[in-house]
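Chemist: fold the following and give me the result.
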Amino acid sequence: MNVSSTPQRSPLVSGLAAGDPALRDRLDERLWTVEQRLRERVARTPDPRVAPLVGHLVATGGKRMRPLLVLLGAEFGDPESEGVVDAAVLAELVHVSSLYHDDVIDDAGTRHGADSANARWGKRRAVFAGDWLLAQAAQVACELGPRAVRLNALTAGRLVGGQSLELLGPRPGTEPLDHYLQVTSGKSASLIAMSLRLGALQAGAPAADVDVLTEYGEHLGVAFQMSDDLLDVSAPASASGKEQGMDVEAGVLSLPVLLALAGDDPDDAELRALIAAGPAAGTRPHRRALELLRDSAALATAAAMRDERLARARAALAALPRTPARGILATLCDFMAHRRA
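Modeler: I've put the predicted structure just below:
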């Protein structure tokens, strides 16, 4: 679980802040400190046998987008304020804990290009690891103070609420697309919005800016999940680090799948029949459904819906001061629109 003693460049930061070397270097240095503290935190286990399990997904890496959003939110106040780095650690602990639980529910075999915890250690231990990390996040929130405790608790409630809605399905009379947006708001947007809000609050940003950053985060979070849904269909596993077509195979009603079911294009009749039959049994139906989905109008419609959410996120930024951090948040929308992993 050791991390290099020399600050490393974040590919995400390098891409977003290429035009501002000073800000890029500052963000890279702080993300490196976040990485150190994150790995130190997950290594603190009462039994050394637990450390490889709870540190598994931290060690496999990831873009660290949520910690970066905490740091960007702090740029609208005093980014050197005490607790900003720990707030970024908190956001990533909550995120990683949710990945353990998601992989158990989805029966996922890989994550970040490596075996998932449930594939390597079994579901019971993977659930324990997610719970342990969530408890660590609560401890960090307590160290940061009442505002962080409240925000962490509200976000955890939204995450669990979104997951329960996904498991239970739409209530009678609820449109499937409305249900999808409710799930996405809880499972994805809540933590992205929390990251920006927590960073801004910890840095003492003006209340109006805190609220704008939260609104931006809500829209970005929905777009992020829509982008994930598109990648499940279109991105090869070598690029995404996850098994391709998992949603289709498991019968998950992702955005492209929902739109395909709701359509009436005669060319999509075979696709609708395969989806309506339930989780694809065997390799051949799964591959055929993926092929049809990639060529369907539903994929283009899903991409347009993602882009509309990104436009709403960009529009929200107009109320913020014109700073380099605001420019990075706008660039992040462009990154999301052309995301490949």
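Chemist: can you pull out the strands in the protein?
Modeler: Counting by DSSP state E, the chain has strands at residues 110-111, 114-115.
Chemist: out of those strands, indicate the one that is most buried.
Modeler: strand 110-111 (a mean of 20; mean count of other C-beta atoms under 10 Å). From N, CA and C alone the C-beta is placed, and that goes for glycine too.
Chemist: starting at the chain centroid, how far to that strand?
Modeler: Offset of strand 110-111 from its chain centre (C-alpha atoms, centre = their mean, to the nearest Å): 14 Å.
Chemist: got it, and stretch 105-114?
Modeler: With C-alpha atoms, centre = their mean, you get 15 Å for stretch 105-114.
Chemist: kindly format the C-alpha coordinates of it as CSV.
Modeler: Below are the C-alpha coordinates for stretch 105-114, written out as CSV (Å, rounded to 0.1, in the frame of the first residue of the first chain):
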residue,chain,number,x,y,z
ILE,A,105,-24.8,-6.5,-6.1
ASP,A,106,-23.8,-6.6,-9.8
ASP,A,107,-21.7,-9.8,-9.3
ALA,A,108,-18.9,-8.0,-11.2
GLY,A,109,-15.7,-9.9,-11.8
THR,A,110,-13.4,-7.0,-12.5
ARG,A,111,-12.9,-3.4,-11.4
HIS,A,112,-10.2,-0.9,-12.6
GLY,A,113,-8.7,-3.7,-14.7
ALA,A,114,-8.2,-6.1,-11.7
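Chemist: which residues touch Ala156?
Modeler: Neighbour list for Ala156: Val94, Leu134 [criterion: C-beta atoms under 8 Å, 6 or more residues apart in numbering].
Chemist: stretch 68-86: end-to-end distance?
Modeler: Using C-alpha to C-alpha, to the nearest Å, the end-to-end distance of stretch 68-86 comes to 12 Å.
Chemist: tell me how far the residue nearest to Leu72 when sequence neighbours are not counted lies from Pro79.
Modeler: Spatial nearest neighbour of Leu72, excluding adjacent residues (C-beta to C-beta, 6 or more residues apart in numbering): Ala325 at 5.2 Å. From Ala325 across to Pro79, the span is 9 Å (C-beta to C-beta, to the nearest Å).
Chemist: who's sitting farthest from the centroid in this structure?
Modeler: Pro266 (35.0 Å; C-alpha atoms, centre = their mean).
Chemist: any low-confidence regions in the stretch 151-300 of the chain?
Modeler: Filtered on pLDDT under 70, the stretch 151-300 of the chain yields the residue ranges 235-251, 278-286.
Chemist: the helices in it, which residues?
Modeler: Remark: helices assigned in the stretch 151-300 of the chain by DSSP state H, counting those that start in this stretch are 176-184, 190-202, 207-234, 237-240, 246-250, 255-262, 269-276, 283-294, 297-317.
Chemist: angle of the longest one against helix 255-262?
Modeler: Relative orientation of helix 207-234 versus helix 255-262 (axes from the mean of the first three to the mean of the last three C-alpha atoms, to 10 degrees): 70 degrees.
Chemist: list the buried residues in helix 207-234.
Modeler: For helix 207-234, a neighbour-count test (16 or more other C-beta atoms under 10 Å) marks 209-210, 212-234 as buried.
Chemist: my guess is Asp131 meets Ser97, correct?
Modeler: Yes: proximity of Asp131 to Ser97 meets the contact threshold set by C-beta atoms under 8 Å, at 7.4 Å.
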